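S.K.: need a structure here:
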Amino acid sequence: MTAGDLLEWARSGGSRRQLEDVASILRIRGRELDIGRVESWVQAFGLDSEWMEARGMMDE
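M.R.: Got it, this is the predicted structure:
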């Protein structure tokens, strides 16, 4: 399962847990990710609000 899958699941009625999982992925592997590519997929799938919420959780 990818961060994008979790964001999509969160949007479709999943729980806050999926957003927390995305935030954890970003905290742990963020330097390894091509954030520009992730953000292009976020925009393509209309997951902007979920992405912003997950990024805001990174410091929690």
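
S.K.: From here on, just use CA atoms for contacts and neighbour counts.
M.R.: Will do.

S.K.: For stretch 5-24, list the C-alpha coordinates in CSV.
M.R.: The C-alpha trace of stretch 5-24 is given here as CSV (Å, rounded to 0.1, in the frame of the first residue of the first chain):
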residue,chain,number,x,y,z
ASP,A,5,-3.5,4.6,-1.6
LEU,A,6,-3.9,5.6,2.1
LEU,A,7,-4.9,9.2,1.1
GLU,A,8,-7.5,7.8,-1.4
TRP,A,9,-8.8,5.5,1.3
ALA,A,10,-9.0,8.4,3.8
ARG,A,11,-11.0,10.4,1.3
SER,A,12,-13.4,7.6,0.6
GLY,A,13,-14.5,7.3,4.2
GLY,A,14,-11.6,5.6,5.8
SER,A,15,-10.5,6.8,9.2
ARG,A,16,-8.0,9.4,10.5
ARG,A,17,-5.7,6.4,10.9
GLN,A,18,-4.9,6.4,7.2
LEU,A,19,-3.8,10.1,7.3
GLU,A,20,-1.7,9.3,10.4
ASP,A,21,-0.1,6.5,8.4
VAL,A,22,0.8,8.9,5.6
ALA,A,23,2.3,11.3,8.1
SER,A,24,4.4,8.5,9.6
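
S.K.: Show me what it is in contact with.
M.R.: Surrounding stretch 5-24, the residues in contact under the criterion Cα atoms under 8 Å, 6 or more residues apart in numbering are Ala3, Leu47, Glu50, Trp51, Glu53, Ala54, Arg55, Gly56, Met57, Met58.

S.K.: Buried residues of that stretch, list them for me.
M.R.: Taking 16 or more other Cα atoms under 10 Å as the basis for neighbour counts, the residues of stretch 5-24 that come out buried are 6-11, 18-24.

S.K.: Looking at those residues, which are in helices?
M.R.: Residues from the buried residues of stretch 5-24 lying in helices, with DSSP state H as the criterion: 6-11, 18-24.

S.K.: In the buried residues of stretch 5-24, find the pair that's most separated.
M.R.: Every pair in those was compared (Cα to Cα); the two farthest apart turn out to be Arg11 and Ser24, at 17.6 Å.
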